[in-house]
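Engineer: for reference, the sequence and a predicted model appear below.
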Amino acid sequence: MSDNKKGFITRSLHTSFPKPDAYNALHMPVYDGVAYEFESAEEIADTFAGKKFAHAYSRTSNPTVEYFERKMQAVTDARSVIALSSGMAAISNVLISLVERGGNVVASNQLFGHSYALLKQTLPALGIEVRFVEMTNMEAVQKATDEQTRVYFFETITNPQLEIVDLSQLSSLAKANGVAVVCDSTITPPYVFRSNEFGVDVEVMSTTKFISGGAAAFGGVVIDNGTFDYASLPALKTWANQFGQGALVARIRKEVFRHLGGAMTAHTAHFMNMGLDIMPLRVDRCVENCLQLAAFFEAHKRIVACNYPGVEGTKGYELAQLQFSGKPGAVMTFDLESKEACYQLYNRLKVMRRATNLNDNKTLIIHPESTIYAEFSEQEKREMDVRPTMMRLSVGIEDIEDLIGDFTQAL
């Protein structure tokens, strides 16, 4: 059986090491070393010139990190993968590498707070214009697009609004305009979302979430499907002349993340390697818990509204079935009658944790309006549909009876 016919977990578990281990270890060892010796002047010169790949210094590449990249490549069928220190590092490195000064990004107006701040504050200071639009409205996307547009950037499922973009429509529009499609797929990991089947050119995600194995470490990855002509982008034209379809990852590794210092550590990669192997088991359990919690919320008189795209009849349900194998992550929201009611519930919970993160093994609850989006103006919150009555729930793998029991007593 060819590797691309094998299942997700099998491919992850049996990804071969870059080199045979001296002791035949079953798991990739943690290489804490910083520098690596070469056998000859010619070999080290070829490595630094980019003529061959070898580890020289762990700030640019590391054997344990390389193995994690190989595993991600194996389970996604990507052309290339590069691991970074965080999800935000993945997003910033990609956008800085793809877009030159004077170019623009058309981005969703519903983004994770720090992603929104990066695009709203940091990129414009670097001379990159960002145009925020409703990404589910193709007319608005087209209207915001011009000859200087380089990237369409969005989340596969927005956090915390849980909006879903029709990827078929968006990718068709992107091809017509010569624009790269870049998505943040943190909520929909590769087990449920095959980005290369839906016209996505580059995928970024926070591996801190589902992949790390329960919030054990933080990191990020850039997944390049090798489907975009990088020679058409001013920022990558010279890189494409040398590296072809590998231009994006080459620029990130040899310039942007090397210069800005966004490397993943070997110990972090070790956590990612272990977590990736069992991620599908945790995803399935989380989705099952989400569906049962949604049914509980729908029946409870104190819950004003509940949103989870895995529930039939919910906005985005059909797209979730098509694009995410009917498993749209483990983030859900619900509304109470007031902000005060949210705080009361918040303080009464005993099993769930009041913490910010997603896809921990533990169920986490947060009030987005007063935390993640606290620094934004009231107008910005309204534009992003962040309501004072909304709670965000990242559902974990606990026994469902205990989660429902905790909500029952708190409500």
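Structural biologist: The structure has been received and is ready for your questions.

Engineer: hey, let's count contacts and neighbours off CA atoms from now on
Structural biologist: Will do.

Engineer: for the residue nearest the centre of the chain, give me its contacts.
Structural biologist: The residue lying closest to the centre of the chain (Cα atoms, centre = their mean) is Met205, at 1.9 Å. Neighbouring residues of Met205 by Cα atoms under 8 Å, 6 or more residues apart in numbering: 87, 90-91, 184-186, 220-222.

Engineer: which of those sits closest to Leu111?
Structural biologist: If you rank the contacts of Met205 by distance to Leu111 using Cα to Cα, Asp184 comes first, at 9.4 Å.

Engineer: count of neighbours near Lys120?
Structural biologist: Other residues lying near Lys120 total 15 when counted by other Cα atoms under 10 Å.

Engineer: I'd guessed it sits against Val130; true?
Structural biologist: Yes. With contacts counted by Cα atoms under 8 Å, Lys120 reaches Val130, the gap being 7.0 Å.

Engineer: element containing the closest residue to Phe112 other than its chain neighbours, please.
Structural biologist: If the residues on either side of it in the chain are set aside, Phe112 comes closest to Asn159, at 5.5 Å by Cα to Cα, 6 or more residues apart in numbering. Secondary structure assignment for Asn159, by DSSP states H and E: no helix or strand.

Engineer: next one: Met72
Structural biologist: Applying DSSP H and E as the criterion places Met72 in helix 63-76.

Engineer: tell me which residues of the one helix or strand Glu318 maps to come out buried.
Structural biologist: Using DSSP H and E, the element containing Glu318 is helix 317-323. Of the residues in helix 317-323, 317-321, 323 count as buried by neighbour count, 16 or more other Cα atoms under 10 Å.

Engineer: who touches that helix?
Structural biologist: Outside helix 317-323, the residues touching it (Cα under 8 Å, 6+ apart) are 164, 166, 193-194, 198, 309-311, 326-328.

Engineer: could those be laid out in TSV, adding pLDDT and secondary structure?
Structural biologist: TSV is the format used below for the contacts of helix 317-323 (pLDDT from 0 to 100; DSSP: H, G, I helix; E, B strand; the rest coil):
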residue	pLDDT	secondary structure
Ile164	96	strand
Asp166	97	coil
Phe193	97	coil
Arg194	96	coil
Phe198	97	coil
Pro309	96	coil
Gly310	96	coil
Val311	96	coil
Gly326	94	coil
Lys327	96	coil
Pro328	96	coil
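
Engineer: ranking these by neighbours, who comes first?
Structural biologist: That'd be Pro328 among the contacts of helix 317-323, by other Cα under 10 Å, with 30 neighbours.

Engineer: from what I can see that one touches Val311, true?
Structural biologist: No. Using Cα under 8 Å, Pro328 is not in contact with Val311; the gap is 9.7 Å.

Engineer: just give me the closest of the buried residues of helix 317-323 to Gly226.
Structural biologist: Nearest member of the buried residues of helix 317-323 to Gly226, counting by Cα to Cα, is Gln323, at 19.8 Å.

Engineer: please report the distance of the closest one from Ile82.
Structural biologist: Going from Gln323 to Ile82 by Cα to Cα, to the nearest Å gives 24 Å.

Engineer: same check on Lys51?
Structural biologist: Relative to Ile82, and taking Cα to Cα, Lys51 is found at 18 Å.

Engineer: partners of the longest strand anywhere in the chain, with directions?
Structural biologist: Longest strand in the chain by number of residues (criterion: DSSP state E): strand 149-155. Applying DSSP bridges, strand 149-155 is found paired with strand 104-108 (parallel), strand 180-184 (parallel).

Engineer: tell me what Glu203 is bridged to.
Structural biologist: Going by DSSP bridges, Glu203 forms beta bridges with Cys183, Ile223.

Engineer: do Ala35 as well
Structural biologist: Beta-bridge partners of Ala35, counted by DSSP bridges, are Tyr57.

Engineer: need the contact list for it.
Structural biologist: With contacts defined as Cα under 8 Å, 6+ apart, Ala35 is in contact with 55-58.

Engineer: now, which of those sits nearest Phe112?
Structural biologist: Ser58 (30.2 Å).

Engineer: what sits against that closest one?
Structural biologist: 33-35, 263.

Engineer: contacting residues around Gly262?
Structural biologist: Contact analysis of Gly262 by Cα under 8 Å, 6+ apart lists 84-86, 89.

Engineer: go again using 10 Å as the cut-off
Structural biologist: 59-60, 83-86, 88-90, 92-93, 219-220, 252-253, 256 (Cα atoms under 10 Å, 6 or more residues apart in numbering).

Engineer: grab the nearest non-local neighbour of Leu98.
Structural biologist: Distances taken as Cα to Cα, 6+ apart put Ala235 closest to Leu98, at 5.8 Å, once the chain neighbours are dropped.

Engineer: just to revisit the earlier point, looking at the strands paired with strand 149-155, which is closest to Ile366?
Structural biologist: That would be strand 180-184 among the strands paired with strand 149-155, by Cα to Cα, at 20.9 Å.

Engineer: flag every buried residue along the closest one.
Structural biologist: By neighbour count on 16+ other Cα under 10 Å, the buried set for strand 180-184 is 180-184.

Engineer: can you redo the residues you listed as TSV with pLDDT and distance to Ser108?
Structural biologist: Output for these, formatted as TSV (pLDDT from 0 to 100; distance: Cα to Cα, whole Å):
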residue	pLDDT	distance to Ser108
Ala180	98	14
Val181	98	12
Val182	98	11
Cys183	98	10
Asp184	98	11
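
Engineer: save those as CSV, and put in distance to Thr227 too.
Structural biologist: Output for these, formatted as CSV (distance: Cα to Cα, whole Å):
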residue, distance to Thr227
Ala180, 9
Val181, 10
Val182, 11
Cys183, 14
Asp184, 17
